[in-house]
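1. Here's my sequence, what's the structure:
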Amino acid sequence: MKLLLHTCCAPCSVYCIDTLRNEGIEPTLFWYNPNIHPYKEYKARRDCLIEYAKKINVECIIEDEYGLDEFCKNVSNKLESRCVDYCYPIRLRKTFKYAKENGYTAVSTTLLYSIYQNHNFIKKYCEDLSKEFGVEFLYRDFRHGFWEGHNKAREEGLYLQKYCGCVFSEEDSLKAHTNNKPKLPEGFEFLPVKRSIVIKKEKDNKEQYMDLLLDADPSKEFIQKYLEEGELFVLTYKDDVACVAVVKKIDDETIELKNIATKEVYRGQGYGKKMLKYLADNYKQKYEKMIVGTSENNIPFYVKQGFDKYEKTIKNFFVDNYAEEIWDRDLQCIDMYYYSKDLEKKEK
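-> Okay, here's the model as predicted:
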């Protein structure tokens, strides 16, 4: 196999290269990333990759194009969809085209490594390009080694970027780290139902939240079971229920977020994030870790809320445990991915 590996940066390539070499596959790195800005950032990532490639003795092809003008022309009227409409397609199409013209038999990409990228779209788009160009798409879910690769990149002293790549993702990153974060709106409060046994005894109260819980988990049987074993929290806004969550104890050190659901009219306003922060603050005195099982589409959301350690994958969970197919937007839920969030150490 003659593999061309589209590479977005050196840190993202570390685990991918190690994994491929362990399989007996020697990749050729391919740098083509005209979506990275400003030029200082573009140069830093490009030069770091060149140096790392030399260090580990891997061939690296540089297609040098700093494309800020073209980028802005193509995404200025569709910022929210810029990744799938422009950033991914322009790079991946160029990679397959180069592979076809230069005798490579297969293509893969380090974009499949990042837990922050739209993994499902990238996979599907590469599959389509494979058919179009007649070049094999070598698919690997490199995300399993995200933190292993990250730690090795840090040990190697590689340049670690602070945002995805384009000027707009830099802006998003700056906003996320600003100290001027919005405060809890007036009238917004948490109403904890401390123990599920109270709900169990009050049938009407339990049914009051069941419809909302079913938005996140379509199995009433599952919900009833973890309601009996866990704790239910209700987030209200001006006396209206906005978000609910169920947390279950796993052992003396670990709790699991079993369900979190936000009422449709309140979605996209940060209420789920507020709930998760409250839960972490509530449990950090007693437990060390909170875990959550989620579908593929929701991994980035949880990672951004601090669930940044991959734990395990349960294959075919949604297929084996639910009678009907479960869809999250355009993605059928198949496997359950578990991630964890480290809470502050419990007091001794």
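
2. what about residue 315, distance to residue 31?
-> Noted for residue 315: a distance of 34 Å to residue 31, by CB to CB, to the nearest Å. For every residue, glycine as well, the C-beta is placed using N, CA and C.

3. typo on my end, residue 90
-> When residue 90 is compared with residue 31 (using CB to CB), they lie 14 Å apart.

4. what about the two, which has more around it?
-> residue 31 (22 against 19; other CB atoms under 10 Å).

5. show me what contacts that one?
-> Applying CB atoms under 8 Å, 6 or more residues apart in numbering to residue 31 gives the contacts 7, 46, 49, 60, 61, 62, 63, 64.

6. so what's it bridging to?
-> Residues in a beta bridge with residue 31, per DSSP bridges, are residue 62.

7. Look up the pLDDT of it for me, please.
-> Note on residue 31: pLDDT of 97.

8. Reduced to three states, what does residue 291 come out as?
-> strand (DSSP: H, G, I helix; E, B strand; the rest coil).

9. can I assume it is in contact with residue 258?
-> No - with contact defined as CB atoms under 8 Å, residue 291 does not count as touching residue 258 (10.0 Å).

10. So those two - more neighbours on which side?
-> A count of neighbours by other CB under 10 Å puts residue 258 above the other of residue 291 and residue 258, at 24 against 18.

11. who's in contact with the more buried one?
-> Applying CB under 8 Å, 6+ apart to residue 258 gives the contacts 217, 226, 230, 246, 247, 248.

12. did I read that right, the fourth one in a strand?
-> Yes - using three-state DSSP, the assignment for residue 246 is a strand.

13. one step back: just among the contacts of residue 31, which is most surrounded?
-> Counting neighbours by other CB under 10 Å, residue 7 leads the contacts of residue 31 with 31 neighbours.

14. how near is residue 262 to residue 215?
-> In terms of CB to CB, residue 262 sits 8 Å off from residue 215.

15. of the two, who's got more company?
-> Neighbour tally, residue 262 and residue 215, criterion other CB under 10 Å: the higher count belongs to residue 262, 24 against 15.

16. tell me the pLDDT at the closest residue to the more buried one other than its chain neighbours?
-> Using CB to CB, 6 or more residues apart in numbering and skipping the chain neighbours, the partner closest in space to residue 262 is residue 243 (4.4 Å). Per-residue pLDDT puts residue 243 at 89.

17. now do residue 327
-> Confidence score, pLDDT, at residue 327: 85.

18. is it true that residue 46 touches residue 60?
-> No - with contact defined as CB under 8 Å, residue 46 does not reach residue 60; the gap is 9.9 Å.

19. ok, back up a step: distance to residue 323 added to the contacts of residue 31, as CSV?
-> Below are the contacts of residue 31 laid out as CSV (distance: CB to CB, whole Å):
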residue, distance to residue 323
7, 43
46, 51
49, 48
60, 50
61, 50
62, 52
63, 49
64, 54
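
20. which of the residues you listed lies closest to residue 115?
-> In terms of CB to CB, no member of those lies closer to residue 115 than residue 7, at 17.2 Å.

21. show me what contacts the closest one?
-> 13, 16, 29, 30, 31, 49, 60, 109, 110.

22. so of those, which ones are in helices?
-> 13, 16, 49 (DSSP state H).

23. which one among the residues you listed gets closest to residue 37?
-> residue 49 (16.5 Å).

24. Give me the spatial nearest neighbour of the closest one, chain neighbours excluded.
-> Of all residues not flanking residue 49 in the chain, residue 10 sits nearest, at 4.4 Å (CB to CB, 6+ apart).

25. count of residues packed around that neighbour?
-> Neighbours around residue 10, by other CB under 10 Å: 29.

26. for residue 263, same thing?
-> Residue 263: 17 neighbours (other CB under 10 Å).

27. Output the host helix or strand of residue 257 as PDB, restricted to C-alpha atoms.
-> Assigned by DSSP states H and E, residue 257 belongs to strand 254-262. Output in PDB follows, covering the C-alpha atoms of strand 254-262 (Å, rounded to 0.1, in the frame of the first residue of the first chain):
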ATOM      1  CA  THR A 254     -17.300   7.500  40.200                       C
ATOM      2  CA  ILE A 255     -20.700   8.800  39.200                       C
ATOM      3  CA  GLU A 256     -22.300   8.500  35.800                       C
ATOM      4  CA  LEU A 257     -24.400  11.100  34.000                       C
ATOM      5  CA  LYS A 258     -27.300   8.900  32.700                       C
ATOM      6  CA  ASN A 259     -29.500  11.500  31.100                       C
ATOM      7  CA  ILE A 260     -29.500  15.200  30.400                       C
ATOM      8  CA  ALA A 261     -32.200  16.900  28.400                       C
ATOM      9  CA  THR A 262     -33.100  20.500  27.700                       C
END
